[in-house]
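> Fold the following.
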Amino acid sequence: MIRFFAAHPTAANLLMILLLVMGAFALPRLQRATFPDYTKPMVEVRVVYPGATAADVEEAICRRIEQAIESVEQIEEIVSQARDNVGIVTVEMEEGGDVTLFLTDIKTEVEAIDDFPEDVETPITKAIRRTDNVVSVAVAGDVSATDLKAYCEVLKERMLRHPEISLVTVNGFAQRQIRIEVLANVLKQYGISADQLAQVIGSQSLDLPVGMIRADDREVVLRFTDERRSPEEFEDLVIVSGASGGEIRLGEIARISDVFEPEEIRVLYNGKRAGILKVEKTKSEDTLTVFGAVSEFVEATRRTAPRGIEVALTQDTSSIVQDRLSMLVRNGLQGLALVFVTMWLFFGLRYSFWVSVGLPVAFLGAFFFMPLVGLNIDMLTMVALLMALGLMMDDAIVLAESIATELAGDASTLDAVVAGVRKVGIGVLSSFLTTCSVFLPLAFLKGDIGQVLLVVPLTLLLVLSVSLIEAFLILPSHLAHSVDKTRGKPPSRYRVGFDRGLGWVRERVVGRVVDASVRWRYLTVGLVTSLFLISVAMIPGGFVKFKAFPDLEGDVVFCRLLLPQGTPLSRTEQGVTRGTTARAPGQPPLAPPPPAGAP
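Down below sits the predicted model:
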């Protein structure tokens, strides 16, 4: 087959074009991310227990859920969080399990618990969505929290209409409540209690089905819809009515406001109250594509936003993906350029060109198969591509050098090319099998590290497999065609001078070092052994430390302010202002906040 493709350049060119076209069509399907997906399937059980302390939640909620689900199969780990008013139990599934069956089993066991306290709300059991953060949109302005929340919901609906954006959540607001405040002496004046007032309000703010009317040809569902949703609607409620027709309405005796409780849950952006539109992506979506759609949406929104409203991008994680991928692409292009220049020095322009062409052919061919095995473009796959770059060049240089040696004889160009490939073909295949033996064990590691490192051997072996096809079937045809045009011509003055200089370095420098190493062989072996022992001793000696992943410097600073439980909001804001306000040179430091017991 090597001779067939070498003798028929059309077949070799068609094969090369096929690999290039396959890779070009596969590129849009490759998702771009920072790291491979290694999140294990998890199920969350959330139970609300109003008015309970963290200790009560742990005893009445978390422990009972743990005891109920401990018999479910394929549980890897159970993590419980007991907080005031709510208990959260997160269950992690073992690798290779059925997520749907796992969720069903846990939900069944939780629903079977019949000894929860009476005030406990219905447990919510759901699978944690496997999503990644992309970017957040801050919507800030000097407007009321209610209007700001309403505008954020409008922007969320508009954003979800975009085909590239599928997951948007509104953060920065607590639960919306209608607050009704009535003075105690006012209630005494009209002879009603707080419970009676609550019952009157509840009886006049309803949204309930009341029945059904069945006819011969259809059914009509009846529903009482009189639920009040705004302070203005609550102000019109009749609280007290007399026999003579007099009425006292709620707005006349109470102060009604639309608030978010608890008030401590808020977000400030550049000193202004803000809402955060958090944009996420699923595992099948591309980070940079989603970010591009959000950027276009924000630019269009800024032109139509109400006066005093600021819309800005924040918490941009896509920039990390873009920066890392751009860096690796630059490194790959620089490596390719260095390879081309180095081969041009030793083999000539035509040789170096056709050998370098094999790199994009192998890469694009591998890109076609990467989505089929679940691989994306991320930092680890790019590292594997850079590793493959060096290995591929080793094989290409061996083939090119063998072909060049055969061309120096009297055989025809076709025979010399075929003989050169066959002469080192076993060695190239052995090198490929050796690489498989070294990197394939990474594919069988367990745990999160194993799932992350799995992409390295898969990407590397895909690229090297395609490069073997290119090296044995495409490269010989191109070298035979290019060399046939220049064979027999006298070498250029540059080539003669470079070969003479290379021969001098080989004989006068490398050769003398080799001769000295052989003459002082015991000293050479001793030095090599000493260096090996020193290298091994660096690890137990603590000079070389082990870490699963290196620390990556970022450009985001987090500040966490811890205050005693029950600290008033005003004191918390004072501490935040103290930490974020810049102090001019020479200005005395801000006074510390008063102690917790001070008036």
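> Helix or strand: which one has the residue of the chain most remote from its centre?
For the chain, the residue at maximal distance from the C-alpha centroid (Cα atoms, centre = their mean) is Ser244, at 69.0 Å. Using DSSP states H and E, Ser244 sits within no helix or strand.
> what sits against Thr405?
Gly420 (Cβ atoms under 8 Å, 6 or more residues apart in numbering). Every C-beta, even on glycine, is put in place using the N, C-alpha and C of the backbone.
> Secondary structure element holding it?
helix 379-407.
> quick one, helices of the stretch 201-350 of the chain?
231-235, 250-253, 287-304, 318-347, 349-369 (DSSP state H, counting those that start in this stretch).
> Could I get these in a markdown table, plus columns for distance to Phe532 and mean neighbour count?
As requested, the helices of the stretch 201-350 of the chain are exported to a markdown table (distance: least, Cβ to Cβ, whole Å; neighbours: other Cβ atoms under 10 Å):
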| stretch | distance to Phe532 | mean neighbour count |
| --- | --- | --- |
| helix 231-235 | 80 | 16 |
| helix 250-253 | 87 | 17 |
| helix 287-304 | 44 | 16 |
| helix 318-347 | 29 | 15 |
| helix 349-369 | 34 | 21 |
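> Of those, give the one that comes closest to Gln175.
helix 231-235 (16.4 Å; Cβ to Cβ).
> Could you tell me how far the closest one lies from the centre of the chain?
Helix 231-235 sits 45 Å away from the centroid of its parent chain (Cα atoms, centre = their mean, to the nearest Å).
> before we move on, the earlier item: can you list the buried residues in the helix holding Thr405?
Across helix 379-407, burial judged by 16 or more other Cβ atoms under 10 Å covers 379-385, 387-389, 391-393, 395-400, 402-404, 406-407.
> got it, and stretch 132-142?
132, 134-141.
> Which members of the residues you listed are the farthest-apart pair?
Longest span within these, Cβ to Cβ: Asp132 and Gly141, 29.0 Å.
> pLDDT weak spots in this protein?
Applying pLDDT under 70 to the chain flags the ranges 37-39, 129, 447-448, 483-491, 548-555, 579-599.
> All the strands of it, residue numbers only.
Ranges of strands within the chain are 42-48, 75-83, 86-93, 124-127, 131-141, 167-171, 173-182, 207-214, 219-225, 238-241, 247-249, 254-269, 272-282, 309-314, based on DSSP state E.
> For the longest one, name the packing helices and strands.
Packing contacts for strand 254-269, counted by 3 or more Cβ pairs under 8 Å, 6 or more residues apart in numbering; DSSP states H and E, involve strand 131-141, helix 145-160, strand 173-182, helix 231-235, strand 272-282, strand 309-314, helix 569-580.
> Now do the buried residues in it.
254, 256, 258-260, 266-267, 269.
> now swap in the second one and tell me
When burial is assessed from 16+ other Cβ under 10 Å, strand 75-83 yields the following buried residues: 75, 78, 80, 82.
> Equivalent analysis for the third one, please.
Residues of strand 86-93 classed as buried under the neighbour-count rule (16+ other Cβ under 10 Å) are 86-89, 91-93.
> of those residues, closest to Glu507?
Glu92 (64.9 Å).
> can you pull the contacts of the closest one?
Per Cβ under 8 Å, 6+ apart, neighbours of Glu92: 40-42, 75-79.
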